[in-house]
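**Q** coordinates only, no sequence provided:
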């Protein structure tokens, strides 16, 4: 089972135990969507112009040195503005075996605005070993979002995997 990671307030602490919760990423001060700097700043913005994001598809994956994370499902698909639900598979990149004995923190973050989301997420066991469901992944405003998955594996090995999605207005 994934155990909670002791983390700064800026991270959403999560555990793969059913009904485990995560604290907010910030104090809500930055949840105002009135900012007009960077991508997602309003008038004329379109994700078609964004080049830093991932193209969503089932099976989209990121591999680090110690962990591979792959999309099993996303609702909506592709990820969109508002609340999203993701099912992810977490595995060892060498053996392909599911990983379920790590700690995980989830950090949705807008790099252009330098803030996260104040909406708490829930992380629960997925339908198969090594799978996790994240809900809601709150991408509350248009622009580029990085969803940073911070893992601490046995023997204090740390790994971060990042998915980047652009959200249209």
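**A** Looks like it came in fine. Just so you know, these numbers come straight off a predicted model, no measurement behind them.
**Q** quick one: mean pLDDT over stretch 107-116.
**A** For stretch 107-116, mean pLDDT rounds to 96.
**Q** start to end distance for that stretch?
**A** Across stretch 107-116, the terminal residues are separated by 7 Å (CA to CA, to the nearest Å).
**Q** now swap in stretch 107-118 and tell me
**A** Note: stretch 107-118 ends 11 Å apart using CA to CA.
**Q** may I see the buried residues of that stretch?
**A** Neighbour counts over stretch 107-118 (16 or more other CB atoms under 10 Å) mark 107, 108, 109, 110, 112, 113, 115, 116, 117 as buried. Bear in mind the C-beta positions are built from the backbone N, C-alpha and C, glycine included.
**Q** of these, which pair is most distant in space?
**A** Maximum pairwise distance among those (CB to CB): 15.4 Å, between 107 and 112.
**Q** rewinding a little: and which of the buried residues of stretch 107-118 is nearest to residue 72?
**A** Distances from residue 72 to the buried residues of stretch 107-118, taken by CB to CB, are shortest for residue 108, at 18.7 Å.
**Q** so where's the chain uncertain?
**A** For the chain, residues meeting the criterion pLDDT under 70 lie at 1-44.
**Q** most centrally placed residue in it?
**A** residue 147 (3.4 Å; CA atoms, centre = their mean).
**Q** assign a three-state SS to that one, would you?
**A** Here residue 147 is recorded as strand under DSSP: H, G, I helix; E, B strand; the rest coil.
**Q** what pairs with it across the strands?
**A** Assessed by DSSP bridges, residue 147 has beta-bridge partners residue 108, residue 163.
**Q** that one and residue 96, how far apart?
**A** Residue 147 sits 23 Å away from residue 96, going by CB to CB, to the nearest Å.
**Q** still on that earlier bit, mind putting the buried residues of stretch 107-118 into a markdown table with distance to residue 160?
**A** Below are the buried residues of stretch 107-118 laid out as a markdown table (distance: CB to CB, whole Å):
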| residue | distance to residue 160 |
| --- | --- |
| 107 | 9 |
| 108 | 14 |
| 109 | 12 |
| 110 | 17 |
| 112 | 19 |
| 113 | 20 |
| 115 | 18 |
| 116 | 15 |
| 117 | 18 |
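**Q** of all the residues you listed, which comes closest to residue 165?
**A** Of all the buried residues of stretch 107-118, the one with the least separation from residue 165 (CB to CB) is residue 108, at 9.8 Å.
**Q** ok now do that closest one, which residues does it touch?
**A** Contact analysis of residue 108 by CB atoms under 8 Å, 6 or more residues apart in numbering lists 12, 25, 116, 117, 121, 137, 138, 139, 145, 146, 147, 148.
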